[in-house]
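**Q** Sequence plus the predicted model coming up.
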Amino acid sequence: MKVLLINGSPNAEGNTHLALSEVAKALQADGIDTEIVWIGKKPVPGCIACNRCQETGVCVFNSGIYTEIMEKLPDADGIVVGSPTYYAGPTGSLCALLDRVFYSLGRYLQYKPAAAVGVCRRGGSVSTVERLNKYFEMTNMPMPSSQYWNNIYGLMPGDVARDDEGMQTMRTLGHNLARLLKALENVPRPEAEEHAWTHFVR
Ligand SMILES: Cc1cc2nc3c(=O)[nH]c(=O)nc-3n(C[C@H](O)[C@H](O)[C@H](O)COP(=O)(O)O)c2cc1C
């Protein structure tokens, strides 16, 4: 089994990477393969609501990090998304990416366990995790918990290594995710009802 971890920070080796690495180490210790993909520093287009993906199954901006993730998702049994906190939310680039990934590639995500990790200097990472969880919650993705909310603290790259409780929270999250993956390994996906769409228009 394999977990794909997405680093939504513009810093390749910053605090989010360190936090995700701690989750990854715990997963590996429990026999789960891991791969961390980095969002990079290039501009990431957001969803333009063209709805072409609903016909083709792929975003019209099929390039860069979007394509990289699309190609890796079929082999992933679970995902972890990590982000620094920017004004009490995930980075703009990460939201731009995930809006398109979840809108167009739900078929590769449904029923796979998922977790979010929020990094911050001082405050707002709870909102970051909550925002990221929204993607999973409307994609039928089971979410493991940890011993605390999935937050870790640090300002400059490397700082989070000194947040002992945060690092332990990351390890616990990795172990709990491994446990959930194994528990669900042979559980068939449910027969889903046809999705009812109610748009609150008269
Ligand atoms: C534009 C911007 C906004 C930020 N907003 C917050 C914030 O709302 N709360 C906070 O505690 N830290 C905030 N930070 C600090 C980062 O979350 C923190 O430095 C984090 O460790 C960076 O992670 P990274 O090393 O993975 O990039 C902000 C940083 C930037 C650049």
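**A** Perfect, I can see it now.

**Q** okay, CA-based contacts and neighbour counts for the rest of this
**A** OK.

**Q** For His195, see how far away the residue nearest in space to the middle of the chain is.
**A** Among the residues of the chain, the one closest to the centroid is Val81, at 2.3 Å (Cα atoms, centre = their mean). The spacing between Val81 and His195, counted by Cα to Cα, to the nearest Å, is 26 Å.

**Q** for Ser145, same thing?
**A** 27 Å.

**Q** of these two, who's got more company?
**A** Higher neighbour count among Ser145 and His195: Ser145, with 18 against 6, using other Cα atoms under 10 Å.

**Q** mind checking the SS state of that one?
**A** coil (DSSP: H, G, I helix; E, B strand; the rest coil).

**Q** Ala115 - that's part of a strand, no?
**A** Yes - per three-state DSSP, Ala115 lies within a strand segment.

**Q** Was I right to think it contacts Ile79?
**A** Yes - the criterion here is Cα atoms under 8 Å, and Ala115 meets it with Ile79 at 6.6 Å.

**Q** Name the residues that touch the helix or strand containing Thr169?
**A** Assigned by DSSP states H and E, Thr169 belongs to helix 164-184. Residues outside helix 164-184 that contact it (Cα atoms under 8 Å, 6 or more residues apart in numbering) are 19-20, 22-27, 30, 32, 77-78, 113-114, 143-153, 160-161.

**Q** Inside strands: which ones of those?
**A** 78, 114, 151-153 (DSSP state E).

**Q** ok, of the residues you listed, which one's closest to the ligand?
**A** Tyr153 (6.6 Å; Cα to the nearest ligand atom).

**Q** what does stretch 77-91 contact?
**A** By Cα under 8 Å, 6+ apart, stretch 77-91 touches 1-9, 15-17, 19-20, 94, 112-121, 123-129, 131-132, 181.

**Q** Please flag which of those residues sit within strands.
**A** 2-7, 114-120.

**Q** Farthest pair within those residues?
**A** For these, the maximum inter-member distance is 27.2 Å, found between Lys2 and Cys120 (Cα to Cα).

**Q** quick one: which of the two has more around it?
**A** Neighbour count, other Cα under 10 Å: between Lys2 and Cys120, Cys120 has more, with 24 against 18.

**Q** Glu71 versus the more buried one, what's the distance?
**A** Taking Cα to Cα, one finds Cys120 at 30 Å from Glu71.

**Q** Same check on Gly106?
**A** Taking Cα to Cα, one finds Gly106 at 13 Å from Glu71.

**Q** and what of Ala196?
**A** 29 Å.

**Q** swap in Lys112?
**A** 16 Å.

**Q** Can you pull the residues of the protein lying near the ligand?
**A** Contacts of the chain with the ligand, taken as Cα under 6 Å from any ligand atom, map to 9-11, 14-17, 84-88, 119-124, 154-157.
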